[in-house]
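In: Got a predicted structure plus its sequence, pasted below:
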Amino acid sequence: MKLPYRGVAIGAAVLAFSAILLSRAQAGGGHFYPPVADPLVKEECGSCHLAFAPAMLPARSWGRMMDGLQDHFGDDASVDAASAARIRSYLVANAADAGGAPYSRKLARDLPAWQAPLRITELPAWRREHRDVPAWEWKHKDVRTQANCLACHTAAERGYYED
């Protein structure tokens, strides 16, 4: 005996499954930034800290950062000329204002065109997103700095910051 609603039930199940997948893909809304895919960038930038997604800063910031590698937040992060050119090219091509991700524009949106911050934590959008984090939490032994995204965003290496 064929049930008349079997096709409807299967369609509903497929629709429900699709909705679950879509909601996971959109989890965090604009909190997904494509992670670093270039092995050289991942190796050089990720050897000391999380290799931050290029889509988190505008191209002018990445250019400024690459120009100052000899004093990279107190450390010498200099690399050979060929590596520097490749890293710069990758970061600039995938920057927030260069099509790095449709979601990344919100990070750079409130930034005046003349500003080229070196820290993601200097962006107005970042500050808004983190305004409710109490000062004591930044001092926690597992966090220690606002640049330690992985302390709270456990999937940051995969580009998800919705935690």
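Out: Looks like it arrived, so ask away.
In: So the nearest residue to residue 146 once chain neighbours are set aside: helix, strand or coil?
Out: Closest residue in space to residue 146, ignoring its immediate chain neighbours: residue 121 at 4.5 Å, by C-beta to C-beta, 6 or more residues apart in numbering. C-beta here means a position set from N, CA and C on the backbone, and glycine is covered the same way. Under DSSP: H, G, I helix; E, B strand; the rest coil, the three-state class of residue 121 is helix.
In: how close does residue 121 get to residue 107?
Out: 11 Å (C-beta to C-beta, to the nearest Å).
In: after the helix or strand bottoming out on mean pLDDT in the chain comes which helix or strand?
Out: Here the helix or strand of the chain ranked lowest by mean pLDDT, DSSP states H and E is helix 6-25, holding a mean of 46. Moving toward the C-terminus from helix 6-25, the next helix or strand (DSSP states H and E) is helix 39-46.
In: that older thread, looking at residue 121 and residue 107, which is more packed in?
Out: Legend: neighbour count by other C-beta atoms under 10 Å for residue 121 and residue 107, higher for residue 107 (25 against 13).
In: Run a quick neighbour tally on residue 68.
Out: Around residue 68 there are 13 residues (other C-beta under 10 Å).
In: Would you quantify the distance from it to residue 161?
Out: Counting by C-beta to C-beta, the gap from residue 68 to residue 161 is 26 Å.
In: need the helices for the chain, in chain order.
Out: 6-25, 39-46, 59-67, 81-93, 105-108, 124-129, 135-138 (DSSP state H).
In: Isn't the residue nearest to residue 146 up against residue 127?
Out: Yes. Contact criterion C-beta atoms under 8 Å: residue 121 and residue 127 qualify, at 7.5 Å.
In: shared neighbours, those two?
Out: Overlap of the contact sets of residue 121 and residue 127 (by C-beta atoms under 8 Å, 6 or more residues apart in numbering) is empty.
In: Local confidence estimate at the nearest residue to residue 44 once chain neighbours are set aside?
Out: Nearest residue to residue 44 in three dimensions, chain neighbours excluded: residue 79, at 5.8 Å (C-beta to C-beta, 6+ apart). Each residue has a pLDDT score; the one for residue 79 is 95.
In: ditto for the one 5 residues further on
Out: Reported pLDDT at residue 84 in the predicted model: 96.
In: shaky segments in this structure?
Out: 1-30, 99-103, 163 (pLDDT under 70).
In: Relative to residue 87, how far out is residue 34?
Out: Taken as C-beta to C-beta, the span from residue 34 to residue 87 is 16 Å.
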